[in-house]
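Student: Sharing a sequence plus its predicted fold:
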Amino acid sequence: MPIAFKKSWTSPTPKSDDYSQRERAQCEIGVSNAAEPSSDSVPTNSKETSHIEMENLERKYDRAQSQLQRLQKKRIFNPGWRNCREKIDVLQTQLEKAQKEKETLRQNSEVIRERLEKTKTRLEKYHIKHDTVSSRLHVLREAERCNYSYRKLRRIENFPEPEYEKLVES
């Protein structure tokens with residue numbers, strides 16, 4: 001039978017805001033305690049004492065550094081927002097510039113729309129003129145072709161029969 005182990009440790013990253021505040025406080029306490037010597041073990045030799053204190057300080061520093069990195073990952077500590085006022089001012093100036101550009105673009109689009117309407121009316125007038133001219137030309141060409149055919153037919157009819165046959169044979 002397998003032996004079941006009970007988990008006695010808690011989750012390393014609970015989702016409560018309380019935990020992040022406790023972690024931040026522990027980080028600050030860890031940094032402030034780093035300067036104090038640890039009273040856990042008191043060796044007799046002073047070299048040993050300084051060496052152990054140095055190791056303890058390094059561990060506490062590493063712990064504090066890792067906690068600081070965790071806090072930065074969680075974005076609890078964000079040094080970029082210290083200058084909020086400046087960022088807000090920059091964003092407001094950018095917004096004002098964008099609004100001015102939008103207004104000029106709107107005015108330009110109105111001018112372009114008016115020019116487009118004028119050009120449309122000119123083109124419509126041109127197309128009307130062009131259509132009437134082209135239709136007149138077409139009618140004249142058709143009449144001329146018909147007239148030519150008519151004259152040719154009249155010429156053939158005016159010839160006497162023998163001359164007509166000669167003309168057809170040649």
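Tutor: Great, that's in hand.
Student: give me every residue that touches D89.
Tutor: Taking CB atoms under 8 Å, 6 or more residues apart in numbering, we find D89 in contact with no residue. Where you see a C-beta, it was placed from the backbone N, CA and C, and this is true even at glycine.
Student: quick one: low-confidence parts of the chain?
Tutor: Filtered on pLDDT under 70, the chain yields the residue ranges 1-48, 71-85, 87-88, 127-133, 136, 147-170.
Student: Tell me how far Q92 lies from V139.
Tutor: In this structure, Q92 lies at 70 Å from V139, with CB to CB, to the nearest Å as the measure.
Student: Actually, K100.
Tutor: Distance, K100 to V139, using CB to CB: 58 Å.
Student: got it, and T119?
Tutor: Applying CB to CB, the value for T119 to V139 is 30 Å.
Student: just K60 next, same as before
Tutor: Taking CB to CB, one finds K60 at 105 Å from V139.
Student: Neighbour count for those two, which is higher?
Tutor: The neighbour count for K60 versus V139, taken as other CB atoms under 10 Å, is higher for K60 (19 against 10).
Student: In which helix or strand does the more buried one reside?
Tutor: Using DSSP states H and E, K60 sits within helix 46-73.
Student: Equivalent analysis for E114, please.
Tutor: In this assignment (DSSP H and E), E114 forms part of helix 84-158.
Student: T49: how many residues sit nearby?
Tutor: T49: 14 neighbours (other CB under 10 Å).
Student: Apologies, that question was intended for Y61.
Tutor: 13.
Student: Please apply the same query to N56.
Tutor: The tally of other residues near N56 (other CB under 10 Å) stands at 17.
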